[in-house]
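*Asks:* Task: produce atomic coordinates for the following.
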Amino acid sequence: MKTFYRTLIAWLALTTIASAAKPPNIVYYFIDDLGWTDVSFMGSKYYETPHVDRLAREGMKFMSAYSNAPNCAPSRACLMSGQYGPRHGVFTVANSDRGKAAFRKLIPIKNKTVLADKFVTIAESLKAAGYVTATMGKWHLGEDPTTQGFDVNIAGKQWGGPAGGGYHSPYNYPNLVNRKKGEYLTDRLGTEACKFIEANKEKPFFLYLTHYAVHTPIQGKADLTAKYKKKKPVGGHNNPAYAAMVESMDDSIGAVQATLKRLKLDDNTIVIFFADNGGHAAVTSNAPLRGSKGMLYEGGIREPLAIKWPGVTKPGSTCHEPVIAVDFYPTLLEIAGAKRPKNYQLDGVSLTPLLRDASASLGRDALHWHFPCYLQGYTPRHGPFRTTPAAAIRMGDWKLIEFFEDGKL
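*Replies:* Numbers count the residues shown, from 1 in each chain. As a prediction, this is how the structure comes out:
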């Protein structure tokens, strides 16, 4: 009998050690064109995001979190590569000379529309550390993310927005089989994410759920749109179809979070919620921030960010230290116990000191943005351009933007 108990105790000890040694799973929710206050944990009284709000309550929210660019592709290139734009050359979406030529005073630098294979993505680094990797939704950095570290690709191509019929099936995406006509894309991506977790629950995984929502076209589900038509607008938050898209995004995250909990994976999964750039001026408001998508003003680059690292982040905590998207690469490598790629520059710093103590400092001098491109205006207030070629720097509580056409600050 003593031998039996000794064996049982030894087995339990080994099981506990093995469980503790398993690297944490990583779930990264990346939302397209979501404004700084387009979730209720950042103050919206119109949009309803209970699942994301719960994530923020259970983890840490960041008040000064930035994307690396004011529009989609460069923001994603910086996130995936861990490098600032001048290194990889993805500065904007499509051409760098968008808008009427007659109004341009400079010849902008040529833009690269894909992330070259020579750049080591965060997916490649995590895969080398034993992670199963999946991207679901918007890729926007080339035709096939499986050539850049992802084992699974659902619906990711070069496209920047929903193709074909928009958010309702029939779809025209890689590895996304059409089912019921009229099915909603955001719902389907959430379902596919849950299936991936189920299939890989015994292994460490990196799930990059990168919704096309809430990018144009603005197409909410009919029932949710009807709900928001009955709701009183609050300031610039007043578009029922857009609000419906936000709620569907939140519902998909709720489904994934519920799957993690049901499979008892939630205590060993770090979850990140972030957005690629500011909200679109035609459909939402980034107030109290100035500007919107396509601008280096705060409304174009400051994003809602919540991170939950079970057992590390203090529930309900708030961090005011400025952080930027290139920081996620070194952060996740450290958390995963993965090696940094050899002879490869990472421009960010690990956020783990902040995740352990929201009042900590990273000791960083400044954050930088370089956007040497033209973007056409979308509203009369924009004029010919949302932005002309510009760069920005934030040092402490101070920020400077320089516009290259005339040196205006």
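
*Asks:* which residues touch Tyr329?
*Replies:* Counting by C-beta atoms under 8 Å, 6 or more residues apart in numbering, Tyr329 makes contact with Leu79, Ser81, Gly82, Ile122, Ser125, Leu346, Gly348. In short, each C-beta sits where N, CA and C put it, glycine included.

*Asks:* I meant Asp406, not that one.
*Replies:* Contacts of Asp406 (C-beta under 8 Å, 6+ apart): Lys105.

*Asks:* cool, and the one 3 residues further on?
*Replies:* Listed by C-beta under 8 Å, 6+ apart, the contact set of Leu409 reads Leu400, Ile401, Glu402, Phe403.

*Asks:* Which of the contacts of Tyr329 fall within helices?
*Replies:* Leu79, Ser81, Ile122, Ser125 (DSSP state H).

*Asks:* Closest to Val326 out of those residues?
*Replies:* Leu79 (7.3 Å; C-beta to C-beta).

*Asks:* neighbours of the closest residue to that closest one other than its chain neighbours, just the number please.
*Replies:* Leaving aside its chain neighbours, Leu79 sits nearest to Ala325 (4.7 Å; criterion: C-beta to C-beta, 6 or more residues apart in numbering). Residues within reach of Ala325, counting by other C-beta atoms under 10 Å, total 26.

*Asks:* what separates Ala325 from Gly407, distance-wise?
*Replies:* Going from Ala325 to Gly407 by C-beta to C-beta, to the nearest Å gives 28 Å.

*Asks:* which residues touch the residue nearest to Glu405 when sequence neighbours are not counted?
*Replies:* In space, Glu405 comes closest to Lys105 once its chain neighbours are excluded; the distance is 4.4 Å by C-beta to C-beta, 6+ apart. For Lys105, the contact set (C-beta under 8 Å, 6+ apart) comprises Thr388, Glu405, Asp406.

*Asks:* Cross-check the contact I'm expecting between the first one and Glu402.
*Replies:* No - distance between Thr388 and Glu402: 10.8 Å, which falls outside the contact criterion (C-beta atoms under 8 Å).

*Asks:* Looking only at neighbour counts, state which of these two leads.
*Replies:* Thr388 (22 against 14).

*Asks:* what about the more buried one, distance to Met60?
*Replies:* 36 Å.

*Asks:* For Ala338, grab the count of nearby residues.
*Replies:* As a measure of burial, Ala338 has 19 neighbours, counting by other C-beta under 10 Å.

*Asks:* what about the nearest residue to it once chain neighbours are set aside, neighbour count?
*Replies:* The spatially closest residue to Ala338, leaving aside those adjacent along the chain, is Ala129, at 3.6 Å (C-beta to C-beta, 6+ apart). Neighbourhood size, Ala129 [other C-beta under 10 Å]: 16.

*Asks:* Over to Gly89?
*Replies:* So Gly89, with other C-beta under 10 Å, has 17 neighbours.

*Asks:* and it, what does it touch?
*Replies:* Asn111, Lys112.

*Asks:* hang on, the earlier thing: could you flag which of the contacts of Leu409 are buried?
*Replies:* Ile401 (16 or more other C-beta atoms under 10 Å).
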